[in-house]
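> Please work out how this folds:
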Amino acid sequence: MKRSSAPFRRKLGQLRFPYLKDAYGHHAPIVYLQVWTGNRWLYLQAYVDSGASWSVFHSDVAQLLGIKLNRVKRRYMTLGNGSVLPIYLKAIRVRFAGDEFSVPAGFSDALGMGFNLMGRAGFFDRFSMCFNDRARSLTVTRLS
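Numbering: from 1, shown residues only. Below is the predicted model of the structure:
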């Protein structure tokens, strides 16, 4: 898997991620992050979504992480269009922007967007995210 969206450092504690193209060829704030499988780190792409409370990954990712969804409490997440998405919420270990930490993440087989979502919980309290659609870049600043 080619990871051409490598961030570059602008200032101490600040990284700039160029937007990647989505499945339709549009530039979007899609970044790489790593998730811990129990014995190795796995690279995933996720769309940075400031409107999402939690990060949501397809249920296939839960299998890769060794998470048994039948042992995780089911929750419901209301989407912007009013529909409800059933998710299984579980804390996972991630690496992003040079830091390693745990975040609550939802897993769902009903995620029909074709990409994973990076939501606010666990990320936006550690980093300031500045979207620049004109420059097609996301600037991530570590909060102290």
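> Which residue, other than its chain neighbours, is closest to Arg95?
Spatial nearest neighbour of Arg95, excluding adjacent residues (Cβ to Cβ, 6 or more residues apart in numbering): Gln34 at 4.0 Å. For glycine as for every other residue, the C-beta is placed from the backbone atoms N, C-alpha and C.
> which element is the one you found on?
Using DSSP states H and E, Gln34 sits within strand 30-36.
> average model confidence for whichever helix or strand comes after that strand?
Next in sequence after strand 30-36, counting helices and strands by DSSP H and E, comes strand 41-48. Per-residue pLDDT values over strand 41-48 give a mean of 96.
> Specify the strand with the largest residue count in the chain.
Across the chain, the strand with the greatest residue count (assigned by DSSP state E) is strand 84-96.
> which residues does the residue nearest to Leu111 when sequence neighbours are not counted bridge with?
With Cβ to Cβ, 6+ apart as the measure, His58 is the residue that lies nearest to Leu111, at 5.2 Å, once sequence neighbours are left out. Beta-bridge partners recorded for His58 (DSSP bridges): Ser108.
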